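Novice: My questions concern the predicted model and sequence given below.
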Amino acid sequence: MRSAHALVLTMAALTLVGAGPVGDEADLARGRALGDLTSAESLRSLAAAATPELAGVIESAGGPAAMAAGLGQQLGAREAKLGENVLTLNGATVYRRLDRHAQGLAVTTLAWTADGKVSAAQVRPAPAAPEDAGPPRAVALPFGTPSDGQWLTYWGGDEAAANYHLAAGDQAFAYDFLVVRDGATFRGPASDPAAYHCWGEPVLAPADGQVVEVVSDIQDNRPVGAMNAQAPAGNHVIIDQGEGVYALLGHLQHGSIAVEEGERVRAGQRLGACGNSGASSEPHVHFHLQDRGTFGPPARGVPAVFSGLRIDGQARERGRPVRGQTVAPSR
């Protein structure tokens, strides 16, 4: 449920927006050139562009050829690229790619700073999206137009390069949304939650339903970056939308929740304000659908499709944004 910005369908008529590469083409090309960590050639290029710390890690593994051989033994040959995206925020660029290897799926992550130095490189096994989750359920966006900037999908999508939530069954199709202005999520001290553009933005009910769970007594994380692992959802509201589907809105601001358990709500009704409570590394809105009325396992994630929205400025009757795409209500 954390945004981790620093560095963790069966509806035939539905078009998946952003199913291809997402992000700047030059950055995507750089990620592709440096991101095959099972290739000695790619790792040599990566080492040449790395910070001293990362270059030291590669050397300590025996150099590019030895590291590539070791990773190749663990993952097997790379067979196909299944998805990729690149996102630049707060002066850092993060490239993520999902590949199918002989031994299974794996996500590669690279990060580089504004001067082009690669500061992090990682490859790890990746989960696949659940195949038996059923069709996406239509909901409204859980926010309106922000007072400053644009809502950005930080995590979202049906493959692991775009959505780290897939590893958590109850949150498998979850979304994390931030507000971005001029390529940054905050203005002012990065440690202050109130410096973030989405801080305090109204969080709205995505559908009609009945409130079945409210947690409202969790303090917001201060400074930003400190996280509360004991209460991962933070202040949150769960709404029973009917037909065995429940909506969870998490990380709400302490003292902001405006509804009570048992209350009937309407789509678009204010539930609370965007905050930084729980396992949240910076203020953001966490939203997901699940099949039970309490947070955590054994609940299972349910896919959602948003109605009446703009994705990267294009109006759509229904859509499912992915990591790196901006979203806004169309009306």
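Specialist: Structure's in. What do you need?
Novice: When you work out contacts or count neighbours from here on, use the C-alpha atoms and nothing else.
Specialist: Fine.
Novice: buried sites along the longest helix seen in the chain?
Specialist: In the chain, taking DSSP state H as the definition, the longest helix is helix 64-75. Neighbour-count burial for helix 64-75 flags 64-72, 75 (criterion: 16 or more other C-alpha atoms under 10 Å).
Novice: Out of those, the closest to residue 207 would be?
Specialist: For these, the residue nearest residue 207 by C-alpha to C-alpha is residue 75; the value is 42.4 Å.
Novice: any idea how far residue 129 is from that closest one?
Specialist: 19 Å (C-alpha to C-alpha, to the nearest Å).
Novice: Strands of the stretch 201-331 of the chain, start to end?
Specialist: In the stretch 201-331 of the chain, the segments counted as strands under DSSP state E, counting those that start in this stretch are 202-204, 209-215, 235-242, 245-252, 264-265, 270-273, 285-290, 301-302, 304-311, 314-319, 326-329.
Novice: okay if I get those strands as JSON lines plus mean pLDDT and distance to residue 58?
Specialist: Listed next are the strands of the stretch 201-331 of the chain as JSON lines, based on pLDDT from 0 to 100; distance: least, C-alpha to C-alpha, whole Å:
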{"stretch": "strand 202-204", "mean pLDDT": "98", "distance to residue 58": "44"}
{"stretch": "strand 209-215", "mean pLDDT": "98", "distance to residue 58": "45"}
{"stretch": "strand 235-242", "mean pLDDT": "98", "distance to residue 58": "41"}
{"stretch": "strand 245-252", "mean pLDDT": "98", "distance to residue 58": "37"}
{"stretch": "strand 264-265", "mean pLDDT": "98", "distance to residue 58": "54"}
{"stretch": "strand 270-273", "mean pLDDT": "98", "distance to residue 58": "44"}
{"stretch": "strand 285-290", "mean pLDDT": "97", "distance to residue 58": "36"}
{"stretch": "strand 301-302", "mean pLDDT": "94", "distance to residue 58": "38"}
{"stretch": "strand 304-311", "mean pLDDT": "97", "distance to residue 58": "39"}
{"stretch": "strand 314-319", "mean pLDDT": "96", "distance to residue 58": "41"}
{"stretch": "strand 326-329", "mean pLDDT": "96", "distance to residue 58": "36"}
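Novice: Looking at this structure, which residue reaches furthest from the middle?
Specialist: residue 62 (33.9 Å; C-alpha atoms, centre = their mean).
Novice: So that residue versus residue 190, what's the distance?
Specialist: Residue 62 is 37 Å from residue 190, by C-alpha to C-alpha.
Novice: cool, residue 254 as well?
Specialist: Taking C-alpha to C-alpha, one finds residue 254 at 19 Å from residue 190.
Novice: same deal with residue 124?
Specialist: Residue 124 is 29 Å from residue 190, where distance means C-alpha to C-alpha.
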